[in-house]
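Colleague: Sequence and predicted structure, then a few things I'm wondering about:
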Number of protein chains: 2
Amino acid sequence: MAALTAHELIARHRPTLDQALKTIRTRAYWSPHPEHPKAYGEGDSLTAEEGKAAFEALLNTQLDLGQPGTDTWVDGEKSPYGIDLGVTYPHPDIDVLLPAMRTGMRAWREAGAEVRAMVCLEILARISARTHEFAHAVMHTSGQAFMMAFQAGGPHAQDRGMEAVAYAYAEQVRTPDAAEWTKPQGKRDPLALRKSFTPVARGISLLIGCNTFPTWNGYPGLFASLATGNAVLVKPHPGAVLPLARTVQIARDVLAEAGFDPNLVALAAESPGEGIARTLAVRPEIKIIDYTGSTAFGDWLETHAHQAQVHTEKAGVNTVLVESTDDYRGMLANLAFSLSLYSGQMCTTPQNLLIPRAGITTDAGPKTFDEVVADLAAAVDGLLGDDSRANALLGALVNPDVKARLKAAPDLGTVALASRKIAHPEFPDATVHTPVIVKLDAAKPDDESVFLHEWFGPVSFAIAVDSAAAAVELLRRTVREHGAMTVGAYSTSQEVMEAVEEACLEECAQLSLNLTGGVYVNQTAAFSDFHGSGGNPSANSTLCDGAFVAGRFRVVEVRREA
Amino acid sequence: MAALTAHELIARHRPTLDQALKTIRTRAYWSPHPEHPKAYGEGDSLTAEEGKAAFEALLNTQLDLGQPGTDTWVDGEKSPYGIDLGVTYPHPDIDVLLPAMRTGMRAWREAGAEVRAMVCLEILARISARTHEFAHAVMHTSGQAFMMAFQAGGPHAQDRGMEAVAYAYAEQVRTPDAAEWTKPQGKRDPLALRKSFTPVARGISLLIGCNTFPTWNGYPGLFASLATGNAVLVKPHPGAVLPLARTVQIARDVLAEAGFDPNLVALAAESPGEGIARTLAVRPEIKIIDYTGSTAFGDWLETHAHQAQVHTEKAGVNTVLVESTDDYRGMLANLAFSLSLYSGQMCTTPQNLLIPRAGITTDAGPKTFDEVVADLAAAVDGLLGDDSRANALLGALVNPDVKARLKAAPDLGTVALASRKIAHPEFPDATVHTPVIVKLDAAKPDDESVFLHEWFGPVSFAIAVDSAAAAVELLRRTVREHGAMTVGAYSTSQEVMEAVEEACLEECAQLSLNLTGGVYVNQTAAFSDFHGSGGNPSANSTLCDGAFVAGRFRVVEVRREA
């Protein structure tokens, strides 16, 4: 392929960057990446058929990225849909790979913030053109249903990556490249200096990917670090290597075509049980870590990887207060969808539904606690009544741990909605199950010890609370002690809404109020919504703000007499 | 006094904030705080005589700040100029004071970023008006000579505080207060949400002050945290309480006048040997820490205060490469001043002067290593030959540890310039000493073990190196392993300058090249120069950039159906 010049890249991508820069200030709706599968197929962009074929061509191959220091090849993933992907990946000798990754950093620094942003946008554009391929790769690693894998793993992930590039670029150009500084000295000659300011990378950035959203949760850190001049080592979850391995491959291609060292981006696939992340995380070369996953390892990173800037997204106990509504049907439909989407395997899925034991007022008349729970169960049942629709919404359970929690849930309290297995027409071994809803009581200490932990997966609790005020206090304590990626509330009372809002402001949680339409508490849109707050125990960062990018580089000043 | 309204504050300070916001983008020269003592005295501003009288009126008093939870009163400082200040300060029961500090945070959050910035600028304006008083307070705690205490402790510190307010404000308003988000849905109605975004504080911010620059190093963290909505607890160095106690007092007055809870800013003076910083640093209420001081405690904070965002400025080994010059006299004068100013007790003072053992080329002909060192010694001698001028430049040694190092230095190698004691006409017990310069050899391991540690104070080393290339390598290793707040270099060789520059870019150190006039390597100007890089072991933060402020608050989003 022809080499990519800076000029070409700027002509191609600068307008997009400018729009992204504008949008993160207005936070209005915008996305350059279409959500509809039929929008793809023109030019370099793959059609649905081409994307599927591209994915299938990868199966049972060795994905050779041409990286230095590959000491062995490791097996890849088994799909939650029951098929072996059979892809093998390079395993690094990190004593060879890490030094090699540093080699290209000087040229990458010297390229400057704009060219780095343009290269990142070219990588994203190449990924976007292969969205249909990525959809299958995400589906067969995360277990997401196809349409969700397509959207969340494709355009939404690409949006989040581009948002990070925009923040990274904006942060780097806040300081000018150069300044003339002239300080008056009364009658004497002024003091005069010429100053230059250069953004310099921290070093090598480590991305520790997750199983459920390898691209969506991975792209912000990857692109924020790359755009700020760092090399990026991608350590995927062993169950979701392919989407990130292909991302690395495309990034390496683009870097090389643009005249940079492809080793600025590399993959670290691991042998089973190796735990390579723990080794990498404390290496002196690793200066930045982006992590999505369990609280235990996230906490370990925060307290042990002192040489690095550590960005974590961990677990939380997401809570929705159901106090009253003027759209009972809309509320039930909205909640049913939120609980069902991807079998509740989103870090943003509500877990605890706090409902006054005396019942709630609605536009359909007063409803008792039991009625609300039964109506919600019925709404979920209705939503998932058709197997084809159920399969399209639920996807498959990502791993046996989720299935184990689902099986354990009925013993925790009174089952309001039982889970059932759904047959998948195409993949007979797929593990597809509808959600379970269990009734608990906030006044019972045994119940509290259950619902104040994260039950990741299709398990939610309808929890009887004494009053709205008690619910707000429980919400506040839940967020403070256990964290929450999302909080929701339904209320027609100004007083209750203000109390919930104040609790979320004080405990630093992102709040969705009275969602009854086509936006769900567990979804956030890049360029507009923050994902997590970074201010409660569920995450120490948000996607995406200035703090997410500002520590990824430093500015070195050189000053001379003018 | 009449209450301060937001309207009045905005009318008074918004133009200044706007200029500060503009200047941090251009990084041209600007300061609203005059450097000349005679510029003060109009309106509320104290004259020299009034400032001195105000300082003297504080001596031997109990400085009652009206804080809740004062359980005892602790003695204050003995001046490096030999007098007891005799001020006593409130010691906090932190179990009472910390909760009280949180009480006013909601109203402080609800005031919004602009009003918070205006209140901060009003505090700075009140401090500025009392610059003459602060000059004496800084002089008699840090040991700085009067003029330096006046400038660095007054306008320069106020500039750094205002710079932090500007960064904090800019960071908070990057996200709009509100957004309308409308996402097209093809033929269906668009999805529409109303979103609000609120900057929320982390909690209580702890400022751990230093002995040498209580205001200059303290104001950035104090004002950055206050401007982002946090309460700020100020823990001064036991030897330099008064300047920060008066700062707290003025801040509390302004907060109260503006209708906010004065407990948003409080003092934590400590009993001798109490080590209250270690206790406070790990309290759950403390979410941000700003620290200037020893590497040992800074490292401890970075590895133990996991609940807080920790900003540190620690020790470094500042290095100047002397390779060649076209202004030998200017270079010597510039270096002599840098070594002498405040007896080398600046975190930015050069310590290691790397000089090729084969000598250097200059506009005054070639100079051997010994000639360069002798000429530099003579330049220092000349600069400090007059006792009155010496006193005005040197100030007093801040504490016995500095004096002990000065006494130990002659045994480390060959003395090129001996220290001598200077009598102070006004303060006979002042500990004023000229700097010592000791010759060492980079090729000798014993010497290396000496010069690769910080010798804080008036001790510098003229170090023979094999070549310019060897010097650059030593510089690189010094910065990487021991950190540096500043690096300087003198060279007429493009190749050498590029090598030094590249080393500083890679190791992340701030570089001054060929300074021969009235700007010195150890001085940085707010709004233009970065103080430290935050990217080498001497400090994890810089004054001031986006990263210094971005983590001090989070943004909470509330979204509703439109």
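Modeller: Everything's here; your move.

Colleague: Show me the longest helix that occurs in chain A.
Modeller: What stands out as the longest helix in chain A, according to DSSP state H, is helix A:105-129.

Colleague: Is that one in proximity to chain B?
Modeller: Yes - Helix A:105-129 is in contact with chain B by CB under 8 Å from any CB of the partner chain, via A:R106, A:R109. C-beta here means a position set from N, CA and C on the backbone, and glycine is covered the same way.

Colleague: Just after that helix, pick out the following helix or strand.
Modeller: Counting by DSSP states H and E, the next helix or strand C-terminal to helix A:105-129 is helix A:131-142.

Colleague: tell me what that following helix is packed against?
Modeller: helix A:48-58, helix A:146-153, helix A:242-257 (3 or more CB pairs under 8 Å, 6 or more residues apart in numbering or on different chains; DSSP states H and E).

Colleague: Would you mind listing the buried residues in the longest helix of chain A?
Modeller: Under the neighbour-count criterion of 16 or more other CB atoms under 10 Å in any protein chain shown, helix A:105-129 has A:105-106, A:108-109, A:111-129 buried.

Colleague: before we move on, the earlier item: which stretch among the helices and strands packed on helix A:131-142 comes nearest chain B?
Modeller: Nearest to chain B among those is helix A:146-153 (12.5 Å), distances taken as CB to the nearest CB.

Colleague: Check which helices and strands that closest one sits against.
Modeller: Looks like helix A:146-153 contacts helix A:131-142 (3+ CB pairs under 8 Å, 6+ apart).

Colleague: picking that back up, which strands and helices lie in contact with the longest helix of chain A?
Modeller: helix A:6-26, helix A:155-172, strand A:188-201, helix A:219-227, helix A:242-257, helix B:494-507.

Colleague: which one is the residue nearest to the spatial centre of chain A nearest to, not counting chain neighbours?
Modeller: The residue lying closest to the centre of chain A (CA atoms, centre = their mean) is A:N217, at 2.6 Å. Closest residue in space to A:N217, ignoring its immediate chain neighbours: A:T292 at 4.2 Å, by CB to CB, 6 or more residues apart in numbering or on different chains.

Colleague: secondary structure element for the residue of the stretch 51-200 of chain A found nearest chain B?
Modeller: Residue nearest to chain B within the stretch 51-200 of chain A: A:A179 (3.9 Å; CB to the nearest CB). According to DSSP H and E, A:A179 maps onto strand A:178-185.

Colleague: And for A:T312?
Modeller: Going by DSSP H and E, A:T312 is in strand A:309-313.

Colleague: Can you give the distance from the following helix or strand past that strand to the centre of its chain?
Modeller: Later in the chain than strand A:309-313, the nearest helix or strand by DSSP H and E is strand A:319-322. With CA atoms, centre = their mean, to the nearest Å as the basis, strand A:319-322 stands 23 Å off its chain's centre.

Colleague: who are the neighbours of whichever helix or strand comes after strand A:319-322, in terms of helices and strands?
Modeller: Next helix or strand after strand A:319-322 toward the C-terminus (DSSP H and E): strand A:324-325. Where contact means 3+ CB pairs under 8 Å, 6+ apart, strand A:324-325 is packed against strand A:361-362.

Colleague: who's in contact with the strand it packs on?
Modeller: A:S324, A:T325, A:D326, A:Y328, A:M331, A:K367, A:T492 (CB atoms under 8 Å, 6 or more residues apart in numbering or on different chains).

Colleague: And stretch A:529-539, by the same measure?
Modeller: Stretch A:529-539 is contacted by residues A:160, A:295, A:312-316, A:347-348, A:479-485, A:507-510, A:524, A:540-545, A:547-548, B:195, B:197, B:200, B:202, B:554-557, B:559 when judged by CB under 8 Å, 6+ apart.

Colleague: Mark which of the residues you listed are buried, thanks.
Modeller: By 16+ other CB under 10 Å, the contacts of stretch A:529-539 give A:160, A:295, A:312-316, A:347-348, A:479-480, A:482-485, A:507-510, A:524, A:540-545, A:547-548, B:195, B:197, B:200, B:202, B:554-557, B:559 as buried.

Colleague: Any chance of the backbone angles for the closest residue to chain B within the stretch 1-150 of chain A?
Modeller: The minimum distance from the stretch 1-150 of chain A to chain B, using CB to the nearest CB, falls at A:R27 (3.9 Å). A:R27 adopts backbone torsions of phi 60, psi 30, taken as degrees, to the nearest 10.
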